[in-house]
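Visitor: show me how the following folds:
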Amino acid sequence: MASTLQIHTIVSAPFQENTYVVWREGRQDALVIDPGLEPDAILQFLDERVLDVAAILNTHGHADHIAGNGPLKERYPQAPLIIGVNETALLTDPHLNMSAPFGMAIVSPPADQTVREGDVLEYAGITLEVLEIPGHSPGHVVFVVREEPIVVFGGDVLFRGSIGRTDFPDGSFERLEAGIKSKLYTLSDDTVVYPGHGPVTKVGYEKRTNPFVTGS
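Guide: This next block holds a predicted model:
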């Protein structure tokens, strides 16, 4: 029986982006998912909990989700930086990752590993399945921990009462809607979704109430 999954959220200004530090109770190795614009807060938490980083995961390459990659890689160079195969260009291009329009010109180290639909990752005693759900960005992925309940680290796909915006370059509401319906709404209703912004939600709640993508 796997030990309990621990999930700590660090919210980064100015976009209120959620970074997740994930580890198993009783272990000192952890995952960092979507390190945002306040890496010092992430590093401080890791230091306080005496956690070592086993891997850095990006759901997608927009600036508010990758800004902390560099400081995390500097502190934990052995931790692979992992992103979807169709998102890699966003890491190093401030125009593609949407930081240049905000006057920030953020770049990340390049990916150490790329993933695609159906890949399985195992780090820090945690097994994660990769699902590709583009539409908010060209190669957005989500990471699924198939335990009880199922946990999804969903980036900017599905929010509580909303979805990721699709008016960016390479955005597509149709692709996003199709991915949510076929890959998230087919999970059990008690599946917990940890989104890139805002509060945690559940698949069943969104299927019933989400005004953008209904479960019908």
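Visitor: when you work out contacts or count neighbours from here on, use the C-alpha atoms and nothing else.
Guide: Noted.
Visitor: contacts only, for residue 169.
Guide: When contacts are counted by C-alpha atoms under 8 Å, 6 or more residues apart in numbering, residue 169 is found next to 96, 137.
Visitor: which strand or helix spans the residue lying closest to residue 86 once chain neighbours are set aside?
Guide: Once flanking residues are discounted, residue 86 sits nearest to residue 139: 4.4 Å by C-alpha to C-alpha, 6 or more residues apart in numbering. Here residue 139, judged by DSSP states H and E, is contained in no helix and no strand.
Visitor: residues near residue 139, how many?
Guide: By the other C-alpha atoms under 10 Å criterion, the neighbourhood of residue 139 contains 22 residues.
Visitor: and for the one 4 residues further on?
Guide: By the measure other C-alpha under 10 Å, the count of residues near residue 143 is 23.
Visitor: that one touches residue 153, doesn't it?
Guide: Yes. If you go by C-alpha atoms under 8 Å, residue 143 and residue 153 touch, sitting 5.2 Å apart.
Visitor: show me what contacts residue 136?
Guide: In this structure, residue 136 makes contact with 156, 157, 164, 165, 166, 167, 168, 170, 171, 172, 173, 176, judged by C-alpha under 8 Å, 6+ apart.
Visitor: rerun at 6 Å
Guide: Residue 136 is in contact with 164, 165, 166, 171, counting by C-alpha atoms under 6 Å, 6 or more residues apart in numbering.
Visitor: let me have those residues in a markdown table, extended by secondary structure, pLDDT and distance to residue 94.
Guide: Below are those laid out as a markdown table (DSSP: H, G, I helix; E, B strand; the rest coil; pLDDT from 0 to 100; distance: C-alpha to C-alpha, whole Å):
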| residue | secondary structure | pLDDT | distance to residue 94 |
| --- | --- | --- | --- |
| 164 | coil | 97 | 20 |
| 165 | coil | 96 | 19 |
| 166 | coil | 96 | 18 |
| 171 | coil | 93 | 17 |
